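Asks: Here is my input, please return the structure:
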Amino acid sequence: MKKTTYALSIVLASISLGCSVRNVVTSVPPRIFREVHGLRVRSYQITPVTDDLRRYRAIEVHQLENLMLDQIPEASVQQLNMVIAKGLRSSNAFDRVTEVEEPLSLQGDAADKSHGDSGAGRSQLVLEGCIDDYTPGIPKLRYIEQGNNHAVLTVRIQLKDKETNRVLGEINITVENTRVTSNVEKMVEKTAKEVVSFVDHSTSGRSRPKDVEAHVE
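Replies: Now for the predicted structure:
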């Protein structure tokens, strides 16, 4: 009888332990994924878009000016510019997208450096901007600090009227990669998509919130 009782108690304890372990196993991964494997996006509008930009059916896309120089890998700069241009070409907002290799300073002159026709300046937007901040973080410290040594990328983007050089909208976008094993490519891709989203919202008449903070998994 004692042996039977003892055996039964072991079985019950095993079942209880199994349930506890199963609860931990099923509850921990989602929590870790949300806290560690996300991209944090923050943006604020420096110059809100107040004009109706739906009449612009052409856009001239300039390479972003790299203020971080050799602190950001050239491959990341190329990826950022490529994804922005590709996203705008895939958008339904424009009939014509012109890529210009030379970046323009935000304070520079908006002389036409493309090789389009002489009437290209009418009802045409210019997208320009700069890479304002970049840090890949330090992987070893990221592990010690449980992911807090973030990789960060910040860009400042302007939309201008090509003919008048008037700034129609300006936004600052920061993307942080909060992963312990930080993926810089994902961070760069997300930044580029946020730029495309800003242009899409601005030219469709749908306003963006003044201040945005989102977690993307």
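Asks: Which pLDDT value does the model give G169?
Replies: On the pLDDT scale, G169 is placed at 96.
Asks: Tell me the bridge partners for it.
Replies: L159 (DSSP bridges).
Asks: Who are the contact partners of it?
Replies: The contact partners of G169, by CB atoms under 8 Å, 6 or more residues apart in numbering, come to 45, 47-49, 53, 158-159, 198, 202. Bear in mind the C-beta positions are built from the backbone N, C-alpha and C, glycine included.
Asks: thought T47 was touching V167?
Replies: Yes: T47 is within contact range of V167, at 5.6 Å (criterion: CB atoms under 8 Å).
Asks: Between those two, which is the more surrounded one?
Replies: Per other CB atoms under 10 Å, whichever of T47 and V167 has more neighbours is V167, with 15 against 12.
Asks: Check the gap between that one and M82 for me.
Replies: Going from V167 to M82 by CB to CB, to the nearest Å gives 25 Å.
Asks: Identify the contacts common to T47 and V167.
Replies: Joint contacts of T47 and V167 (CB under 8 Å, 6+ apart) are Q158.
Asks: sorry, back to before: could I have the PyMOL command that selects the buried members from the contacts of G169?
Replies: Buried subset of the contacts of G169, written as a PyMOL selection, criterion 16 or more other CB atoms under 10 Å:
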select buried, resi 45+49+53+158+159+198+202
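Asks: Can you flag which of the contacts of G169 belong to helices?
Replies: 198, 202 (DSSP state H).
Asks: State the pair within the contacts of G169 that is farthest apart.
Replies: Q45 and L53 (13.9 Å; CB to CB).
Asks: For the helix or strand containing L80, which outside residues touch it?
Replies: Element membership for L80 (DSSP states H and E) is helix 74-90. Under the criterion CB under 8 Å, 6+ apart, residues 59, 61, 63-64, 66, 94, 97, 99, 127, 131, 134, 155, 184-185, 188-189, 191-193, 195-196, 199 lie in contact with helix 74-90.
Asks: The next helix or strand after that helix vs helix 74-90, what angle?
Replies: Note on helix 74-90: by DSSP H and E, the next helix or strand toward the C-terminus is strand 96-100. Orientation of strand 96-100 against helix 74-90 (axes from the mean of the first three to the mean of the last three CA atoms, to 10 degrees) gives an angle of 160 degrees.
Asks: could you give the mean pLDDT of the helix holding L80?
Replies: Mean predicted lDDT for helix 74-90 stands at 96.
Asks: Going by neighbour count, which residues of it are buried?
Replies: So helix 74-90, judged by 16+ other CB under 10 Å, has buried residues 76-77, 79-81, 83-85, 87-88.
Asks: Show me how the record splits the chain into domains.
Replies: Segmentation of the chain into domains, based on automatic domain parsing, reads 1-36, 38-216.
Asks: rank those domains by pLDDT, which is bottom?
Replies: domain 1-36 (a mean of 44).
Asks: Compute the distance between T178 and Q79, please.
Replies: Relative to Q79, and taking CB to CB, T178 is found at 20 Å.
Asks: May I have the helix holding L80 exported as PDB, CA atoms only?
Replies: Only the C-alpha atoms of helix 74-90 are listed here, as PDB (Å, rounded to 0.1, in the frame of the first residue of the first chain):
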ATOM      1  CA  GLU A  74      28.800  51.900 -47.800                       C
ATOM      2  CA  ALA A  75      26.700  48.800 -48.400                       C
ATOM      3  CA  SER A  76      24.100  50.100 -45.900                       C
ATOM      4  CA  VAL A  77      24.000  53.500 -47.600                       C
ATOM      5  CA  GLN A  78      23.500  51.900 -51.000                       C
ATOM      6  CA  GLN A  79      20.800  49.600 -49.500                       C
ATOM      7  CA  LEU A  80      19.000  52.600 -48.000                       C
ATOM      8  CA  ASN A  81      18.900  54.600 -51.300                       C
ATOM      9  CA  MET A  82      18.000  51.500 -53.400                       C
ATOM     10  CA  VAL A  83      15.000  50.500 -51.200                       C
ATOM     11  CA  ILE A  84      13.700  54.000 -51.100                       C
ATOM     12  CA  ALA A  85      13.900  54.300 -54.900                       C
ATOM     13  CA  LYS A  86      12.400  50.800 -55.400                       C
ATOM     14  CA  GLY A  87       9.500  51.600 -53.000                       C
ATOM     15  CA  LEU A  88       8.600  54.800 -54.800                       C
ATOM     16  CA  ARG A  89       8.700  53.100 -58.200                       C
ATOM     17  CA  SER A  90       6.300  50.500 -56.800                       C
END
